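# okay, predicted coordinates and the sequence, questions at the end:
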Amino acid sequence: MRVVFVCLGNICRSPAAEGIMRALAPDLTLDSAGTGGWHVGDPPYGPMQAAAEARGIDLSTLRARQFAVSDFDDFDLIIAMDRQNKADIARLRPSGNATPVRLMADMDVPDPYYSRDFEGALDIIEVAAMRLLADISRTRDL
């Protein structure tokens, strides 16, 4: 299964989700992207890297990229970190494409770039990643 995680700038939430899922499910093809292009080529935000590293998740090799229309064909599942990003992704959907786009969690994952709550964002992402992995496992078993 190929999964891409999407947030606004691809420097906090989506790379954290990618890193956490890589640790949980190394057999999946994973990536992350941002709906905006401000940080293309940049590593994840330093404070997010530090918070993730404290949990044993290394984000240092990841680099930001912008979500592209081709991602609808390149991935089996698109995971948005919040409702606004989900709506932005939906606007880019090519006609006739059926790639599922869903939210990471039951709530918007707050952007720690603004809130400064990196630990809180990671807590939400970790719980949501476990649920996502369970959903993927059930799908594979069908």
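All right, it came through fine.
# give me the phi and psi angles of the residue lying closest to Ala33 once chain neighbours are set aside.
Counting by Cβ to Cβ, 6 or more residues apart in numbering, Ala33 lies nearest to Phe67, which is 4.0 Å off, once chain neighbours are set aside. C-betas here are computed from N, CA, C, even on glycine. Main-chain torsions, Phe67, degrees, to the nearest 10: phi -60, psi 140.
# next: Phe5.
phi -100, psi 140.
# that one against Gly34, yeah?
No - judged on Cβ atoms under 8 Å, Phe5 makes no contact with Gly34 at a distance of 9.9 Å.
# for these two, indicate the residue with more neighbours.
Ranked by neighbour count (other Cβ atoms under 10 Å), Phe5 and Gly34 place Phe5 first, with 31 against 27.
# what about the helices in this structure?
Assigned by DSSP state H, the chain shows helices spanning 13-24, 46-53, 71-74, 83-92, 112-115, 118-141.
# CA atoms of the longest one as PDB?
This file holds the C-alpha atoms of helix 118-141, laid out as PDB (Å, rounded to 0.1, in the frame of the first residue of the first chain):
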ATOM      1  CA  PHE A 118       4.800  19.500  19.300                       C
ATOM      2  CA  GLU A 119       4.300  16.900  22.000                       C
ATOM      3  CA  GLY A 120       0.500  17.200  21.700                       C
ATOM      4  CA  ALA A 121       0.600  16.900  17.900                       C
ATOM      5  CA  LEU A 122       2.800  13.800  18.100                       C
ATOM      6  CA  ASP A 123       0.400  12.300  20.700                       C
ATOM      7  CA  ILE A 124      -2.500  12.700  18.300                       C
ATOM      8  CA  ILE A 125      -0.600  11.500  15.300                       C
ATOM      9  CA  GLU A 126       0.700   8.400  17.200                       C
ATOM     10  CA  VAL A 127      -2.800   7.300  18.200                       C
ATOM     11  CA  ALA A 128      -4.100   8.000  14.700                       C
ATOM     12  CA  ALA A 129      -1.200   6.100  13.100                       C
ATOM     13  CA  MET A 130      -2.100   3.000  15.100                       C
ATOM     14  CA  ARG A 131      -5.700   3.200  14.000                       C
ATOM     15  CA  LEU A 132      -4.600   3.700  10.400                       C
ATOM     16  CA  LEU A 133      -2.400   0.700  10.500                       C
ATOM     17  CA  ALA A 134      -5.200  -1.400  11.900                       C
ATOM     18  CA  ASP A 135      -7.500  -0.200   9.100                       C
ATOM     19  CA  ILE A 136      -4.800  -1.000   6.500                       C
ATOM     20  CA  SER A 137      -4.300  -4.400   8.000                       C
ATOM     21  CA  ARG A 138      -8.100  -5.200   7.900                       C
ATOM     22  CA  THR A 139      -8.200  -4.100   4.300                       C
ATOM     23  CA  ARG A 140      -5.300  -6.400   3.400                       C
ATOM     24  CA  ASP A 141      -7.000  -9.300   5.100                       C
END
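# thanks a lot, see you next time.
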